[in-house]
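*Asks:* okay, here's the prediction I keep looking at, along with the sequence it came from:
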Amino acid sequence: MAILASLFSSGVLGGIASAVLTFIGQIMTQRAQSFDALVSASTRLQSADTAAYNAAFARVQKAEGKDGARLRWALFGVAALVVGVCPLLYYFAPSVPMAVERVNEHGGWLFGLIPSWTEKTIEYVHGFYIAEVWQDTIANIVWAYVGQSITLKAFLRR
């Protein structure tokens with residue numbers, strides 16, 4: 001206790017406390033400066049990204065013009081025709097046969113230790129049939145153009 005009192009009266013204890021507080025203050029200042037630098041860099045990157053997006057969409061819109069809109073509407077029309085009108089046509093002509101070939105792949109497990117084989121079956125259906133490939137294609141076309149229009153409206157704010 002006497003050592004603590006002598007340190008307090010000589011000012012050494014105050015110097016140690018002052019050094020600790022100065023060190024803590026410097027660490028807090030460095031953290032604040034690094035955070036400010038990070039925020040300013042993030043703001044610059046965000047503005048550069050926004051400018052790049054705007055320039056890209058402006059280029060696409062300038063290059064696309066009316067032909068892109070016509071192509072989009074043509075694809076929508078073909079998709080509507082295939083999905084909406086063709087089943088009605090086949091309803092009135094149900095005797096039109098269609099051959100559907102299905103390919104099922106089996107095996108190929110354990111990195112090729114179990115060999116793979118394919119099995120082909122042909123089924124005849126009467127009426128309208130859309131192959132799975134075309135179903136996926138139509139769905140992807142529709143959602144790609146919906147997504148494109150949403151993205152253009154979000155970034156270009158038309």
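*Replies:* Thanks, I have the structure now.
*Asks:* and whichever helix in the chain runs longest, what does it pack onto?
*Replies:* Using DSSP state H, we find that the single longest helix of the chain is helix 12-80. Secondary-structure packing of helix 12-80 (3 or more CB pairs under 8 Å, 6 or more residues apart in numbering; DSSP states H and E): helix 2-10, helix 132-156. Bear in mind the C-beta positions are built from the backbone N, C-alpha and C, glycine included.
*Asks:* quick check: buried residues in the shortest one?
*Replies:* Of the residues in helix 2-10, none are scored as buried under the neighbour-count criterion (16 or more other CB atoms under 10 Å).
*Asks:* and the angle for it with helix 12-80?
*Replies:* Calculated by axes from the mean of the first three to the mean of the last three CA atoms, to 10 degrees, helix 2-10 forms an angle of 80 degrees with helix 12-80.
*Asks:* and what of the longest one?
*Replies:* Here helix 132-156 runs at 130 degrees with respect to helix 12-80, directions being taken by the same axes, to 10 degrees.
*Asks:* beyond the longest helix of the chain, next helix or strand please.
*Replies:* Following helix 12-80 in sequence order, the next helix or strand is helix 86-92 (DSSP states H and E).
*Asks:* quick revisit: could you single out the most deeply buried of the helices and strands packed on helix 12-80?
*Replies:* helix 132-156 (a mean of 12; mean count of other CB atoms under 10 Å).
*Asks:* if residue 101 is in a bridge, with which residues?
*Replies:* Bridge pairing for residue 101 (DSSP bridges) gives the partners residue 122.
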